[in-house]
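**Student:** Sequence plus predicted model, see below.
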Amino acid sequence: MIEIYGKYFDGQTSAHQSGLLVIHENSSWVLKNTQSLAIIKQGRSFQAKVSPRLADTPRAISFTGLDHFETEQNDQVDAALARLKKRHWSGPIHLLESKFRYVLIALILFVVGAFGFVRYGIPTTASVIAMNLPQDLLEVAGSQTMSALDRILLKSSKLDPQKKDEVLDHFERTINHYPELNLDVIFRDGGKIGANAFALPDGRIVFTDQLINLATDQDQLLAILIHEIGHIYHRHGLKRLIQNSILTFGIYSLTGDASGVSELFLGLPVILTELGYSRKFETEADTFTLEQMNRLGLEPYHFADILLKIEYQEIAAKKDAEAAEQAMDGWLGYLSTHPATKDRIKRFQRIRKKLQ
């Protein structure tokens, strides 16, 4: 027989009494008060429910009612279950957690798994969600983002209407090549964000007056347009937003709470104007730009030239050499999360040399 000491709770009050549970080889059992030896409960076959083992924490043995027997003698409980051939499903878990090497292996596997999920799982999931969002949600995202930008950062464009028409005329053929993207170019005074351009999920592409005035060639602006189309085509803004809010987005998607989903788009203005895109997204958009400029017969150096202009303008605004050096390392124009601007420029300039 196996003897297990513990405490008996009747399930009616918080009071308890010291008890001894005796389990015989034929599965019969008896629970006695250890002081008076009075029988509390007994049975011909041990059918009680035993809680799983978690390290050396107390375990509960529940009988037919609300009452239960609590004990810290886990080894005796395991021995009784083994004899009665009632091994608990948690046995292997206890074995793993009781061995340091198993704990270490589990920790390593968890870290590797977590890294893999963050590195590959979240981006893949975000990509699938972003590429399958309906157009009406894209319009909600675009409208909310544009409204926030106009309220916080941007002002009405001061460009001459004739200048706007000239730019739009130069863009027309390229815009018409992507009817499925619902492209629409709009102009704004960039204020403190200066010479810049960014794409909204619904197909709107914003050009600041400062960028229009900075360009010395219409093809430079066309190169920027193509680059922003690349961001829309690959839905980079939405992917970045979803990656940052993947768990919340998943809950909203499962529950069908469209209003909740729309609230997530409130983070797009920050992503588009301050955080920028990831290195992967920016490189992907640059590749798109190269391919489409080649299709149009447009020299790739136009994109390099406008990036240089943005670069030089930002450097000129720096007050000391140290800040300027930091700027040259990639904080300019397209902000810190972009690939180093000088590396991107070289990519387009190399093609220029090959053509000469």
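**Tutor:** Alright, I've got the coordinates.

**Student:** list the contacts for residue 289?
**Tutor:** Residues in contact with residue 289 (C-beta atoms under 8 Å, 6 or more residues apart in numbering) are 223, 226-227, 230, 300, 303. (C-beta placed from N, C-alpha, C; glycine too.)

**Student:** And the strands in the protein?
**Tutor:** In the chain, the strands defined using DSSP state E lie at 2-9, 16-23, 29-33, 39-43, 49-50, 59-62, 68-71, 155-156, 184-189, 197-199, 204-208.

**Student:** Output these in a markdown table, with mean pLDDT and mean neighbour count appended to each entry.
**Tutor:** Output for the strands of the chain, formatted as a markdown table (pLDDT from 0 to 100; neighbours: other C-beta atoms under 10 Å):
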| stretch | mean pLDDT | mean neighbour count |
| --- | --- | --- |
| strand 2-9 | 92 | 18 |
| strand 16-23 | 92 | 18 |
| strand 29-33 | 92 | 19 |
| strand 39-43 | 89 | 14 |
| strand 49-50 | 86 | 15 |
| strand 59-62 | 89 | 19 |
| strand 68-71 | 92 | 20 |
| strand 155-156 | 94 | 11 |
| strand 184-189 | 96 | 17 |
| strand 197-199 | 91 | 23 |
| strand 204-208 | 95 | 23 |
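
**Student:** Quick one: closest of these to residue 122.
**Tutor:** strand 197-199 (22.2 Å; C-beta to C-beta).

**Student:** Packing partners of the closest one?
**Tutor:** Applying 3 or more C-beta pairs under 8 Å, 6 or more residues apart in numbering; DSSP states H and E, we find strand 197-199 packed against strand 204-208, helix 218-233.

**Student:** Pipe these into a markdown table and attach distance to residue 172 per row.
**Tutor:** A markdown table is the format used below for the helices and strands packed on strand 197-199 (distance: least, C-beta to C-beta, whole Å):
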| stretch | distance to residue 172 |
| --- | --- |
| strand 204-208 | 13 |
| helix 218-233 | 10 |
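
**Student:** Residue 167: which of those is closest?
**Tutor:** Among the helices and strands packed on strand 197-199, the nearest to residue 167 by C-beta to C-beta is helix 218-233 (6.1 Å).

**Student:** nearest to residue 278, of the contacts of residue 289?
**Tutor:** residue 230 (13.8 Å).

**Student:** So the closest one sits against residue 284, correct?
**Tutor:** Yes - if you go by C-beta atoms under 8 Å, residue 230 and residue 284 touch, sitting 7.0 Å apart.

**Student:** who has more neighbours, those two?
**Tutor:** The residue with more neighbours, out of residue 230 and residue 284, is residue 230; 22 against 17, by other C-beta atoms under 10 Å.

**Student:** okay, the more buried one: pLDDT?
**Tutor:** Note for residue 230: predicted pLDDT of 95.

**Student:** Just give the number of residues close to the closest residue to it other than its chain neighbours.
**Tutor:** Nearest residue to residue 230 in three dimensions, chain neighbours excluded: residue 288, at 3.2 Å (C-beta to C-beta, 6 or more residues apart in numbering). Other residues within reach of residue 288, judged by other C-beta under 10 Å, total 19.

**Student:** One more: residue 104?
**Tutor:** 10.

**Student:** How much space separates it from residue 111?
**Tutor:** Distance from residue 104 to residue 111, counting by C-beta to C-beta, to the nearest Å: 11 Å.

**Student:** Return the set of residues that bridge with the residue nearest to residue 3 when sequence neighbours are not counted.
**Tutor:** Closest residue to residue 3 apart from its sequence neighbours, by C-beta to C-beta, 6+ apart: residue 22 at 5.5 Å. Applying DSSP bridges to residue 22 gives these bridge partners: residue 3, residue 30.

**Student:** Could you pull up the contacting residues of residue 22?
**Tutor:** Contacts of residue 22 by C-beta under 8 Å, 6+ apart are 1-4, 29-32.

**Student:** distance of it from residue 282?
**Tutor:** Applying C-beta to C-beta, the value for residue 22 to residue 282 is 73 Å.

**Student:** How about residue 104?
**Tutor:** According to C-beta to C-beta, residue 104 stands 39 Å off from residue 282.
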